[in-house]
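Model the structure of this input:
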Amino acid sequence: MNLPTRPPRRSRPRFVLLVSRTRTRRDSVELTRPLLNPCLATAGALFSIGSTVNARWFAAVETIRSGMVRRGQTKMSMRKCVTMLCASCRRIKPSVLSPAQLLLVGLLACLGAKAAGADIAMLPPPANRKIDFVKDIQPILARSCYECHGPKKAEAELRWDAKDIAIKGSEHGPVIEPGKSKESLMIQLVAGLKGEDKVMPQKGDRLTGEQIGLLRAWIDQGADWPDSASLKVEDKRNHWAFKPPARPAVPKVKNRKWVRNSIDDFVLTRLEQESLKPSPEADRVTLIRRLSLDLVGLPPAPREVDEFVRDKSPEAYDELVERLLASPHYGERWGRHWLDAARYADSNGYEKDAARSIWPYRDYVIQAFNRDLAFDQFTLEQLAGDLLPHPTLDQRIATGFMRNSMLNQEGGIEPEQFRTEAMIDRMDAVGKAWLGLTINCCQCHDHKYDPILQREYYQLFAFLNNDDEPFIEVPTPQQQKKREEIISQVRELEDQTMREATHLTERMSAWEKEIADAAGQWAVLEPKEWLNFATKYEKQSDNSLMAGGDVKPGAVTHVWVDTTLTNVTGFRLEALMHPNLPYGGPGLVAKGSFLLKEFTCEACALHNPTVTNQVRFRRALADMEAPGFSITNAIDGDTEKGGWTAATVPVRRNTEHRAVFECAEPIVGFPGGTRLKFTIYQKHTSGDGHSGELDKESRLDCHTLGRFRLSATSKGAERWEAHAAGASVAAARRDEKDVSASPTDIESAPVRSNTSPSIGEPPTAARGPGALPEFKGFELRVDPLTAGQRKILAIPAEERSTEQMRDLFNAFRYLDADFAQVNKKIDDVLTNWPYTATSLVLQQRPVPRETHIFKRGDWQRPGEAVQPDVPALLHPFPKDAPRNRLGLARWLVDRRSPTTARVIVNRIWQAYFGQGLVTTPEDFGTRCEAPSHPELLDWLACEFMDSGWSVKSLHRLIVKSASYRQASRVPPGLLAKDPYNRLLARGPRFRVEAEIVEDIALSAGGLLNLKIGGPSVLPPISPSVGDTVYGGLSWPESAGEDRYRRGMYTFWKRSLPFPSLIAFDAPTAENACTRRVRSDTPLQALTTLNEKTFVEAAQAMGLRVLQEGGKDDRSRAVYAFRLCTGRVPTEPELKSVLSFRDEQYNYFENRSSAALAVAVADLRKVPPDVNLHKVAAWAMVSRAILNLDETITKE
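Got it, this is the predicted structure:
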């Protein structure tokens, strides 16, 4: 028997680990060291095991090698070695290693035979810079060490939050040896050199090589640990920023001639202490440009510069200051600073990032600065304008500060989750803008550095957690006048009708008795489940459902209700108002309108849902119907056409409405309970014959109910009388089939009949009372009054006010045929009601929300309930202040506040000098760098409050100081001693903000439109920019004067910030920003050279230079330079400009098509007597000068 031959086994190389016993040979160490580093680095790349690979892998190799030496082994199989190595590192499975990786591991293991001292050599190198304990080291300790060695737990008697304990060491001895990081136990433990079982931290992620390098550098530099960074809680309460500012005495200085006001005394005192002298005053050209850019954000025109330079009077500078402070553009400049902290944007954020209307808030801020609104009042209005006595429209708009939070409109979201996210954002904004504290660090736990408890965070949270989020209409003066005219006309018609109506009092009295019990006996149904794939609903305390999130066409809502009711005869659908809905609702979109296409119901046993019964409706009733949108459409079985809406007339559509659906047979109910499933179809298709009639201003095909509630009844009521509009109204429509149950010669009317006409029968209104078709069963009615009108009905007639009488009469007149004509006249008048711009605002809820501490910051894990209160480390809450947003605002601007005034004057100082007296304007806590001039900071804060919180007074004080007026040139010796100008021995010099960069270019080109306020605009943008935006980018470029508005009016889309602005570090508005970063990248130069707005500005500037710059190229070059920088160029600069101009002209002279492309965007703008080639040459010169660093720098 021949058996198959077994194939020979493939031979494989057998790697053997050899162990050297010459552990102390010097040459072995030297040879190994240069080889080991690249090998370990390669291992890190192959295995992706992070930046700590050197220490960890070498420690693993050393562990294996030591064990072999102890056991007398001289070799080990590679597979076993790899297994042991991978087990030591706990990150790599040996089965996934390739032969190349196995070879590398073997090489590492072989190299592990070097001396033990080489372990130290493998430590990450120390960071090559000066280490700041608070900024660099304390965050590492807090994140990685406090859990086991912190205030709540001190394993091995070691605490890393307390300087004296940490320096002393643990129960095992010192852990830090200042100046000797290699020998420090701390470094050896975090690097894993003491063995895998002892590596620190034991929990969480290990330190990276960069972090170990920072720790090493800190120790090597002496382990400097400021006492302020290691205070106990009781000591931290004595931190300078937690004490109210007290006005210090103005110091005396030697050089009194230099001093212009008290600011200079404080600055010069510090300079004299440092043996420094202030810089001389800047030249007048520099001063006017600096002042103009600082106070209005615009460069001065050459004419303005010349006038200021010629005016040698002592008052010239002060007069310039006052003129700029009085400019309407001052509010734009300083309002933009505040809008950063307010995180102003024109879109909602998140994925959908839909546009929002909140620009009236931006305009409010501009006007507040222009009229020098006292900052304490500015605070009250933004935090609680709606709660002030008799709030004005502006004061309500001011609460938009809180509404600038992002809003998620994605389908399927949890509304409460993102409402909570918005609340957290508002807390962060208040913390940064007023408190100057990182209070959001307390969202999950007590603050790691400042004495603020998590409980105190949520007590502050409770002040803000009690509001609805509506929008408010903001009419223009013209729109307001038109509205007042319409209201006057309607009142006149109503008054005339009430005077001329016969027996009105008796008729209304009889009507009131008739409808007294019309509300019927309804049981509100509690939704157990609900589903809508386009819109997210949330159950309210009254068992209504409130819509939110994304809105898509074709909305279908399913609602499941469990009930024990029996013999149910009908259901009621209430379309309810809510402040958060457009115009109050009851619809979610458009102007608050809605369209109910179809209403269905299914019933099944609660415990046996497999068999369902479709509920049939015999008729439907509504309190009001719009022409062509009868309630009968909602039960006709057609989910595509028709539908019911109550009104399409402005004003009248934004009221609550009710519809009743009567069951053909009572729903007996099931033993153990009944489950009802309601389906509400709300699609409004463009194929409908009434397309566009529902809301002519809306093109959405989804008019979803914003808030609704379902009820049921088991009882019937007496039959309604027929509508009394008269047979004459309906006679002409007797042959129509799709008729409404109410007259259609007026916009809408309440339905008083509870029957639906059969096909071929005349409309109900054509029949007389008592002529209703006969039917069996209960007959239901619809309450024709709103909840507010029912309250009026309960007031005795003689005690009602004129307005209350008018309100009831308005309900009555639509139910009486005698008023049909006047109703039509009033509706015609209301049709002209102008819709206005809107703005997002806050409105306090009538019933407070309960605020809980979120465990670990998780909104789904509410803990203990808390009441509104303030952190104990700050001043006490005023005894007479309400525990709401108004009380919080008053507390913030209380004279005893240690933070508010300091924070504001510090940010204003930062805007002038590039950095604040405290370099972290958002954080005045114990981790902040000490103020460069603490006495000056307190003096300014007190001066600010004593001036009545006048921001303009503070500006005057700063810009009139000698400190501000210094030249910005830096002598070499000063640069070495004070590179960041913390001592203020020179004037400020830094690049202007992103918006001002564009303003300078448009101003130089003569294109800048100085219109103030209004809706945001859409400047030119590259078509490809929107390719990555959800759903594409709709960006119809603004035309006419809006094309060249100031940068602050550019539409700000959070998911796609305007490219040229974001290139110059404009904040994204995703959170509050009190300090813009200032980067310097090639992209910025490319932006000013090639971005469309800058190109068009350069083209306009080139043409302007030719027309206004003089008769020769030399004068034109000077003019171009002055338009951009304010000064006359030096002779070498002038030669360079002229040489470049000649070069460009020579190029374009024989290239007309190229010249045309470069010269102008529109050939019609070039006068016929201007040479196109010269325009092209000067356009290129303009692009070059606009691209100068000096052009966009404040000197």
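
Now do the same for the closest residue in space to Thr564 that isn't next to it in sequence: its pLDDT.
Closest residue in space to Thr564, ignoring its immediate chain neighbours: Gly673 at 5.2 Å, by Cβ to Cβ, 6 or more residues apart in numbering. C-beta here means a position set from N, CA and C on the backbone, and glycine is covered the same way. On pLDDT, Gly673 comes in at 92.

Please apply the same query to the one 3 residues further on.
The model reports Leu676 with a pLDDT of 95.

ok so it is a strand residue?
Yes - per DSSP: H, G, I helix; E, B strand; the rest coil, Leu676 lies within a strand segment.

So which residues make contact with stretch 963-975?
Stretch 963-975 has contacts (Cβ atoms under 8 Å, 6 or more residues apart in numbering) with 260, 263-264, 267, 276, 278-283, 286-287, 317, 912-913, 958, 984-989, 1195.

how long is that stretch end to end?
Criterion Cα to Cα, to the nearest Å; first-to-last residue distance in stretch 963-975 is 17 Å.

Now it: buried residues?
For stretch 963-975, burial by neighbour count (16 or more other Cβ atoms under 10 Å) applies to 963-968, 970, 974.

Over to stretch 1056-1072?
For stretch 1056-1072, burial by neighbour count (16+ other Cβ under 10 Å) applies to 1056-1058, 1060-1070, 1072.

between those, which is closest to Gly887?
Ala1072 (21.9 Å; Cβ to Cβ).

my read: the closest one touches Trp434, true?
No - using Cβ atoms under 8 Å, Ala1072 makes no contact with Trp434, being 10.5 Å away.

do you know how far the nearest residue to Arg989 once chain neighbours are set aside is from Ser1115?
Among residues not flanking Arg989 along the chain, Ser968 sits closest, at 3.8 Å (Cβ to Cβ, 6+ apart). Distance, Ser968 to Ser1115, using Cβ to Cβ, to the nearest Å: 28 Å.

And for Ala797, nearest residue in space, chain neighbours not counted?
Leaving aside its sequence neighbours, Ala797 sits nearest to Ser509 (Cβ to Cβ, 6+ apart; 7.2 Å).

Least confident secondary structure element in this protein?
None of the helices or strands of the chain scores lower by mean pLDDT, DSSP states H and E than helix 727-731, at a mean of 32.

pLDDT averaged over stretch 1173-1192 - what is it?
Computed over stretch 1173-1192, the mean pLDDT rounds to 95.

Buried residues in it, which are they?
Here stretch 1173-1192 shows 1173-1187, 1191-1192 as buried, counting by 16+ other Cβ under 10 Å.

so how far is it off the chain centroid?
Chain-centre distance of stretch 1173-1192: 37 Å, with Cα atoms, centre = their mean, to the nearest Å.

what's the answer for stretch 1169-1185, then?
The chain centroid and the centroid of stretch 1169-1185 are separated by 43 Å under Cα atoms, centre = their mean.

ditto for stretch 857-877
So, by Cα atoms, centre = their mean, the centroid of stretch 857-877 is 23 Å from its chain's centroid.

Any chance you could list what contacts that stretch?
236-237, 242, 244, 416-417, 420, 435, 439, 443-445, 450-453, 455-456, 458-460, 462-463, 850-855, 883-884, 887-888, 891, 894, 896-899.

okay, how far is it across that stretch, tip to tip?
For stretch 857-877, the first-to-last residue distance is 25 Å (Cα to Cα).

before we move on, back to that, quick one: which two of the buried residues of stretch 1056-1072 are the most distant?
Ser1060 and Ala1072 (23.1 Å).

Does Leu123 touch Leu215 like I think?
No - in this structure Leu123 lies outside contact range of Leu215 using Cβ under 8 Å: 10.2 Å.

List the buried residues for stretch 460-470?
The neighbour-count check on stretch 460-470 (16+ other Cβ under 10 Å) flags 460-467, 469-470 as buried.

Next: stretch 347-365.
So for stretch 347-365, counting by 16+ other Cβ under 10 Å, buried means 347-350, 352-353, 356, 358-365.

just those residues now: which is nearest Lys482?
Nearest to Lys482 among those, counting by Cβ to Cβ, is Pro360 at 18.4 Å.

so what's that closest one closest to, chain neighbours aside?
Ser839 (3.9 Å).

If we only consider the buried residues of stretch 1056-1072, which is nearest to Trp833?
For the buried residues of stretch 1056-1072, the closest approach to Trp833 (Cβ to Cβ) belongs to Ala1069, at 33.7 Å.

and that closest one, what element?
For Ala1069, there is no helix or strand it lies in under DSSP states H and E.

burial measure for the nearest residue to it once chain neighbours are set aside, as a count.
Spatial nearest neighbour of Ala1069, excluding adjacent residues (Cβ to Cβ, 6+ apart): Ala345 at 3.8 Å. The local packing of Ala345 (other Cβ atoms under 10 Å) involves 27 other residues.

pLDDT at Ala345, what is it?
We have a pLDDT of 97 for Ala345.

20 is where my numbering starts, stick with that
Happy to do that; since the first residue is 20 now, the last one works out to Ala364.

three-state assignment of the residue nearest to Pro379?
When classified by three-state DSSP, Ser858 comes out as strand.

Could you check how far it is from Thr418?
9 Å.

show me where pLDDT drops low in the stretch 70-219 of the chain?
Counting by pLDDT under 70, the ranges of the stretch 70-219 of the chain that qualify are 70-138, 140.

ditto for the chain
20-138, 140, 247-253, 536-539, 568-574, 609, 702-721, 735-803, 1050, 1182.

Tell me how it divides into domains.
35-140, 152-249, 393-494+856-917, 540-809, 1111-1213 (automatic domain parsing).

How about the biggest helix by length in the chain, which residues are buried there?
If you go by DSSP state H, the chain has its longest helix at helix 496-519. Of all the residues in helix 496-519, those buried under the rule 16+ other Cβ under 10 Å are 498, 501-502, 505, 508-509, 513, 516.
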